[in-house]
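Colleague: I would like to see how this sequence folds:
(one chain, ligands or ions: 2)
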Amino acid sequence: MSKLRVGLLFGGRSGEHEVSISSAKAIATALNAEPNASKYEILPFYIQKDGRWLGGEEPQHLLGSSVALPESPSPDHNQIVSDPQNQILSPWQSPSQVAEVDVWLPILHGPNGEDGTIQGLLTLMQTPFVGSGVLGSALGMDKIAMKMAFDQAGLPQVKYQAITRAQVWSNPCVFPKLCDEIEAVIGYPAFVKPANLGSSVGIAKVRSRQELEAALDNAATYDRRLIVEAGVVAREVECAVLGNDQPQASVVGEITYDSDFYDYETKYTAGKADLLIPAPLPDAITHQIQDMALQAFAAVDAAGLARVDFFYVEATGEVLINEINTFPGFTATSMYPQLWAHSGIPFPELVDRLIQLALERYKGES
Ligand SMILES: Nc1ncnc2c1ncn2[C@@H]1O[C@H](COP(=O)(O)OP(=O)(O)OP(=O)(O)O)[C@@H](O)[C@H]1O
Ligand SMILES: [Mg+2]
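Modeller: Ligands and ions are numbered 1, 2, ... in the order given. Prediction:
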């Protein structure tokens, strides 16, 4: 039986480029181990920070090595990295090996990867791919659209207000009114966020008018769409979802840390945050979280996989949904695969299941 060729897409143009590489290395290791190795052959594609795709031996080598990738490839590097026909590829052109892929695994986080753009391209290629389609990915990326979908589904969440860059950078008479309104509706402490980033980039916790103004101005440099949320004092718990039309929820995990909130530094500095699996929660709360995770998955039309993050306000017993991630971090120590490992699905089997779910979904839709 010939092997299924799995196109591993990794790197990408988002701030989570390095996380994507770590996730891709872990997934490649899982595909290279038996029994996956007899079923699948990896065709890796590395998307450079400038958006150009690399196929062939170089990404294969990058996946296998522990060498860090060049920060941002020089123009010379792009020259070397051309198609066999010796053409320099534009960002929208793909290497010739793309035609050989049977199923795609887009291991990309954040904008240009987890937001529906790549999913649109893969849909046009008429090749199955792992994870959510255009709608689920786009809704899962934009925090405003996501919260609107959750509202419609009746999922409880913190109070929030959608804001545009144009409002923040409007004339000096309008901006104070906007801040007055935020103070009246949301109050302090509040979280100011760009709507479409990830990894806590551009997010600030604000406790005063001065901090609010600075945070809005800063967040507006990252995105046209911003969101301001009421800050809650809560435990942060996460649930993994796997499946298509009949998805399953994993055990619930908790993230603990000492910093003020789960900011970029806490997320990516070893030892600054701990994962607790399963989270020590009352059974009824665990079930409620699992149920809400499945509702959130359906609300945005997610497919294959997602990690759904919650705030558990212990003081009141409330569970509030924070967000859904349609391609969560997937390194060997990441929450998503760990939650499944604790739910009885080891990492290599999880990757196999995701590929099978991609094939199943494609068959059902074509
Ligand atoms: N309303 C809130 N109340 C309390 N803490 C919050 C609130 N919003 C965000 N936080 C803190 O900030 C962290 C990051 O916020 P959030 O999860 O919304 O963005 P993100 O992690 O950048 O998004 P993504 O998971 O897509 O990368 C949360 O994990 C939490 O620690
Ligand atoms: Mg988050």
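
Colleague: Pull the contacting residues for the residue of the stretch 251-366 of the chain found nearest ligand 1.
Modeller: For the stretch 251-366 of the chain and ligand 1, the shortest gap (C-beta to the nearest ligand atom) falls at Tyr262, measuring 3.3 Å. C-beta here means a position set from N, CA and C on the backbone, and glycine is covered the same way. By C-beta atoms under 8 Å, 6 or more residues apart in numbering, Tyr262 lies in contact with Ser200, Glu236, Ile255, Ala273.

Colleague: Surely Asn325 is in contact with Gly140?
Modeller: Yes. Using C-beta atoms under 8 Å, Asn325 is in contact with Gly140, at 6.6 Å.

Colleague: Overlap in contacts, the two.
Modeller: Contact with both Asn325 and Gly140 is made by residues Glu114, Ala306, according to C-beta under 8 Å, 6+ apart.

Colleague: of those two, who's got more company?
Modeller: When neighbours are counted by other C-beta atoms under 10 Å, Asn325 and Gly140 differ, and Gly140 comes out ahead with 28 against 22.

Colleague: For the nearest residue to Ala162 once chain neighbours are set aside, give its distance to ligand 1.
Modeller: Nearest residue to Ala162, sequence neighbours excluded (C-beta to C-beta, 6 or more residues apart in numbering): Ile144, at 4.5 Å. Distance, Ile144 to ligand 1, using C-beta to the nearest ligand atom, to the nearest Å: 12 Å.

Colleague: I'd assumed Ile144 was in a strand, is it?
Modeller: No. Using DSSP: H, G, I helix; E, B strand; the rest coil, the secondary structure at Ile144 is helix, not a strand.

Colleague: who touches it in this structure?
Modeller: Per C-beta under 8 Å, 6+ apart, neighbours of Ile144: Ala162, Ala195, Arg225, Ile227.

Colleague: Go ahead and confirm Glu253 touches Pro337.
Modeller: I think there's a mix-up here, since residue 253 is Gly and not Glu. No. Counting by C-beta under 8 Å, Gly253 stays clear of Pro337, with 11.0 Å between them.

Colleague: more neighbours, the two?
Modeller: For Gly253 versus Pro337, the count of surrounding residues by other C-beta under 10 Å is larger for Pro337: 27 against 21.

Colleague: now for the helix or strand hosting the more buried one, which elements pack on it?
Modeller: Using DSSP states H and E, Pro337 falls within helix 335-341. The contact analysis (3 or more C-beta pairs under 8 Å, 6 or more residues apart in numbering; DSSP states H and E) places helix 335-341 against strand 235-243, strand 248-257, strand 304-313, helix 347-365.

Colleague: So is the first one next to ligand 1?
Modeller: Right, the one you point to is strand 235-243. Yes. Residues of strand 235-243 are located near ligand 1 by C-beta under 6 Å from any ligand atom, namely Glu236.

Colleague: How about the residues of the stretch 151-300 of the chain by ligand 1?
Modeller: 158, 191, 193, 198-200, 203, 229-232, 236, 261-262.

Colleague: mind listing which of the residues you listed are in helices?
Modeller: Using DSSP state H, no member of these sits in helices.

Colleague: Can you say which of these are buried?
Modeller: Applying a neighbour-count criterion of 16 or more other C-beta atoms under 10 Å, the buried members of those are 158, 191, 193, 198-200, 203, 229-232, 236, 262.

Colleague: Appreciated, that's everything.
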